[in-house]
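Peer 1: How does the following fold in three dimensions:
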Amino acid sequence: MFNFDVPRYEKVVNDAIALRPQIEQAVDEICKQGYKNLFFIGCGGTYAHSLPMKYWMETTSQKISVYSVIAAEFMLMGHKAFSKDSVCIFSTRSGNTKEIVAAAKFCKEAGARTLVYVSNDDTPVCEYADYKFFSFAEDDCLCEAIYTYTITLLARFLKNAGEFDGYDQFMEQYSQITPYLLQAKEQYEERCAAMAAHHKGTDYHMVIGSGMLWGEAYDYAMCILEEMQWIKTKSIHAAEFFHSTLELVEKDTSLILFYGEDETRPLMDRVLAFAKKITNEINIFDTKEVALPFTDPLYRKIVSPMVLYAITERLSCHLEKERNHPLTVRRYYRQMEY
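Peer 2: All right, here's what the predicted structure looks like:
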């Protein structure tokens, strides 16, 4: 694969998988102590990656209340469900994002328990972590590490609540996922290279998703195409597409569709059926095409956002090449005070 370090990727994913005993111990302690609810608190990509986890829990659990909030807003809004009995879940690559550090401090001082995944140890956020989970990762493989952390975390909460009978089987099969993710990347390599070459001059995209993949649509539009490639992009939920945004579709409008494996696939089918009548520029990423080590379709639903991220990384890499625009270059983000 172009510009891709396979051994590094294997290490990042496997090291995150190896955090399982630490995560299980933390969750078991919290469940023994008792808790009221779970709060995912993030900003940018970490907020986006919490949305699939919230959807999973809302479609699975009758016992566990889960909230997903934007860090800066959360600290100002006075969320009525938040209390000292809340469990606050954070993920961060740098460990020094101002809003994440401030929110972790806010939660800690309120008496809530804080769990933090961080890929840079001994950074400011670690000071406010009741439970810290560290493994090295970088931007192009960070999400696999974050999802491994949050999936393991929530799966254990569900097991302890008596709502995940297949927990042991799922976790055993999940531990084998790394080569399947690499195979998925290989499967999409040529397709992504061709798409990047075709769209290197395209100045506007729509990225559409739903269910478990709405967060990934939000993330890919904002954090990759806008932040890392400076391309004007609109993220749209498939159900909301028909309540205004469809009016902007023309014969050459680029639509990027993220298909997952949950209850909302019919919403994506409706968008696709409409799009085919108007535009010639439709690209589909579908996790259902990817082989995975799971025996239960439910397990595929759970990991679908991570699989989607893994394959779209190939598009990001080829766009960087075709557009001669490094994914690491910023004009404003962390370049100035704001």
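Peer 1: Read off the pLDDT value for Ala221.
Peer 2: We note a pLDDT of 98 for Ala221 in this prediction.
Peer 1: Ok, Glu337 next?
Peer 2: For Glu337, the pLDDT comes out at 88.
Peer 1: do Gln229 as well
Peer 2: In this model, Gln229 is scored at 98, pLDDT.
Peer 1: ok, it - how many residues close by?
Peer 2: Neighbour count of Gln229, defined by other Cβ atoms under 10 Å: 17. Bear in mind the C-beta positions are built from the backbone N, C-alpha and C, glycine included.
Peer 1: Ramachandran angles for it?
Peer 2: With angles defined as degrees, to the nearest 10, Gln229 sits at phi -130, psi 0.
Peer 1: Going forward, the N-terminal residue is numbered 35.
Peer 2: In the new count, where the first residue is 35, that last one comes out as Gln263.
Peer 1: Distance of it relative to Glu356?
Peer 2: Using Cβ to Cβ, to the nearest Å, one gets 10 Å for the distance from Gln263 to Glu356.
Peer 1: Counting neighbours, what do you get for Tyr372?
Peer 2: For Tyr372, the number of neighbouring residues by other Cβ under 10 Å comes to 6.
Peer 1: My guess is it contacts Lys132. True?
Peer 2: No. Contact status for Tyr372 versus Lys132: not in contact, 10.5 Å apart, counting by Cβ atoms under 8 Å.
Peer 1: what residues do those two have in common as contacts?
Peer 2: Common contacts of Tyr372 and Lys132 (Cβ atoms under 8 Å, 6 or more residues apart in numbering): none found.
Peer 1: Buried ones in the top helix by length along the chain, by neighbour count?
Peer 2: Looking only at the chain and at elements set by DSSP state H, the helix with the highest residue count is helix 331-356. Along helix 331-356, these residues count as buried under the neighbour rule (16 or more other Cβ atoms under 10 Å): 333-354, 356.
Peer 1: try stretch 48-61
Peer 2: Applying a neighbour-count criterion of 16+ other Cβ under 10 Å, the buried positions in stretch 48-61 are Asp49, Ala50, Ile51, Leu53, Arg54, Ile57, Glu58, Ala60, Val61.
Peer 1: Enumerate every residue touching the third one.
Peer 2: Contacts for Ile51 (Cβ under 8 Å, 6+ apart) come out as Thr182, Tyr208, Ser209, Ile211, Thr212.
Peer 1: Let's see which of these end up in helices.
Peer 2: Using DSSP H, the members of the contacts of Ile51 that fall within helices are Thr182, Tyr208, Thr212.
Peer 1: Turn those into a markdown table, including distance to Glu297, pLDDT and neighbour count.
Peer 2: Below are those laid out as a markdown table (distance: Cβ to Cβ, whole Å; pLDDT from 0 to 100; neighbours: other Cβ atoms under 10 Å):
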| residue | distance to Glu297 | pLDDT | neighbour count |
| --- | --- | --- | --- |
| Thr182 | 24 | 98 | 30 |
| Tyr208 | 21 | 98 | 22 |
| Thr212 | 28 | 98 | 20 |
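Peer 1: now the residues you listed as JSON lines including distance to Arg127?
Peer 2: Supplementary listing: the ones in helices among the contacts of Ile51 in JSON lines, determined by distance: Cβ to Cβ, whole Å:
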{"residue": "Thr182", "distance to Arg127": "14"}
{"residue": "Tyr208", "distance to Arg127": "22"}
{"residue": "Thr212", "distance to Arg127": "20"}
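Peer 1: any idea which helix or strand carries Phe167?
Peer 2: Taking DSSP states H and E as the criterion, Phe167 maps to strand 165-168.
Peer 1: Oh, that last question was meant for Asp253, not what I typed.
Peer 2: helix 248-253.
Peer 1: That helix - contacts with which helices or strands?
Peer 2: helix 79-82, helix 84-92, strand 238-243, strand 266-271, helix 331-356 (3 or more Cβ pairs under 8 Å, 6 or more residues apart in numbering; DSSP states H and E).
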